[in-house]
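[1] Coordinates only, no sequence provided:
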């Protein structure tokens, strides 16, 4: 087993590895502050990805889009996310998590501002595609930092809080969108929301300056001296927040991965290939149903006779249902394990999607939509907590990025399939097809997925 060099380590650390030093740290206000920064990052990211769910109808009306063109408009951002996630994953494993997390904000922030001035389908799709590249780049960096800087007993719970933040932010966004469209009309209302996203990006840039680099990543690259300094600085902040000396590291039975470059080829190294294929297949199946449903919820309400304002109000109610789901899922994953919770959630969201497809009255649509949203947020929490634990530190961001890309490929296809499915089998058939996607995902986790609860990321990927 390999231990990282520890020049400059605090008293009591001895020659323990970076992993052993991390796993003995108490959870303090310092880690909570890092988690809060990552929560704000993911919340803004989630709002931008979900914003068209209830703005697609006013965008379509203003730009004169057909139903098929609306599907293209909705899918364009995910094409960018898919490309951005893979590229950023490789860059994160090569140049570090912090740089990517900070600098991607400039790209999607400016692109969001320019989207407010889109004049037709082509300009709208192009700018949303560029926005997607920046958004996709954030995912590998943020969740790699959670996996590498947070205690094994807190990773899923913190991921749950990230989803809580995103759910609250989405609800607030929908309220603001409703007010904007009511006060200044559809055409100016949806454009104002993209200006708001630009302002949120500028705020996020300011906040992210204070994020730290991952000592685990530095060690995995063979940069032991830098890893030791970063680890000592991290321990110093934790000790200051803790108010007393840190406990000694646990027995050094955890091995840091040998230094390797974060390339796509490393995802198929011995012991990693099966997990890579599993993660890719899981994200592809889940995201086909996830975004096929969420991107069209608002517009399908309008198509069924509801006004745009009423559809947004229903959207606020449905989105609110996801807030408790994220925290509950994170907590249950820490107690019951990743596999059991994810499988249960997949089965419940499959049933909820079927119920939503059969719904006819607006009251029943709202009720089943809220239940479906509850389990879909729970699903997202499970997926984002579980996936980083499947990959080694040296390729974690690349693995998460490429998995996200596989998900975004199906996220592009999902919204585009909805008009075809509705025309062929109606609303019931469309939601039944997506329910099947969730069922397939549950089988994948049951038959192939490893259990990672309570393990350090080194042990989880051994």
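    Sure thing, it's come through. These figures come from a predicted structure and were not determined experimentally.

[2] Now do the strands for the stretch 301-450 of the chain: every range, in order, please.
    With strands called from DSSP state E, counting those that start in this stretch, the stretch 301-450 of the chain shows none.

[3] Buried residues of stretch 28-36, list them for me.
    30, 31, 32, 34, 35, 36 (16 or more other Cβ atoms under 10 Å). Every residue, glycine included, has its C-beta placed from N, CA and C.

[4] I'd like those as JSON lines, with pLDDT and distance to residue 380 appended.
    Shown next, in JSON lines, are the buried residues of stretch 28-36 (pLDDT from 0 to 100; distance: Cβ to Cβ, whole Å):
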{"residue": "30", "pLDDT": "90", "distance to residue 380": "27"}
{"residue": "31", "pLDDT": "88", "distance to residue 380": "22"}
{"residue": "32", "pLDDT": "88", "distance to residue 380": "22"}
{"residue": "34", "pLDDT": "86", "distance to residue 380": "21"}
{"residue": "35", "pLDDT": "85", "distance to residue 380": "17"}
{"residue": "36", "pLDDT": "84", "distance to residue 380": "19"}
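
[5] Narrow those to those in helices?
    Using DSSP state H, the subset of the buried residues of stretch 28-36 located in helices is 30, 31, 32, 34, 35, 36.

[6] Who are the packing partners of the helix or strand containing residue 238?
    Secondary structure assigned from DSSP states H and E places residue 238 in helix 224-242. Counting by 3 or more Cβ pairs under 8 Å, 6 or more residues apart in numbering; DSSP states H and E, the packing neighbours recorded for helix 224-242 are helix 18-23, helix 29-50, helix 215-220.

[7] Take those helices and lay them out in a markdown table including distance to residue 113.
    A markdown table is the format used below for the helices and strands packed on helix 224-242 (distance: least, Cβ to Cβ, whole Å):
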| stretch | distance to residue 113 |
| --- | --- |
| helix 18-23 | 39 |
| helix 29-50 | 12 |
| helix 215-220 | 32 |
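
[8] and residue 195, what element?
    Residue 195 belongs to helix 155-208 when elements are defined using DSSP H and E.

[9] Averaged pLDDT, that helix. What do you get?
    For helix 155-208, mean pLDDT is 81.

[10] Remind me what it packs against, helices and strands.
    Contact partners of helix 155-208 among helices and strands, from 3+ Cβ pairs under 8 Å, 6+ apart: helix 29-50, helix 52-63, helix 97-115, helix 121-149, helix 308-320, helix 322-336, helix 362-386.

[11] what distance separates the fourth one from the centre of its chain?
    Its chain's C-alpha centre lies 10 Å from the corresponding centre of helix 121-149 when counted by Cα atoms, centre = their mean, to the nearest Å.

[12] tell me the contacts of the closest residue to residue 67 other than its chain neighbours?
    Spatial nearest neighbour of residue 67, chain neighbours left out: residue 419 (4.9 Å); criterion: Cβ to Cβ, 6 or more residues apart in numbering. With contacts defined as Cβ atoms under 8 Å, 6 or more residues apart in numbering, residue 419 is in contact with 67, 68, 71.

[13] Which members of the residues you listed are classed as buried?
    residue 71.

[14] quick one: which of the contacts of residue 419 sit in helices?
    Judged by DSSP H, helices contain the following of these: 67, 68, 71.

[15] Next, give phi and psi for residue 91.
    With angles defined as degrees, to the nearest 10, residue 91 sits at phi -70, psi -40.

[16] In the stretch 251-400 of the chain, where is pLDDT below threshold?
    251-263, 294-312, 315, 357, 359-360 (pLDDT under 70).
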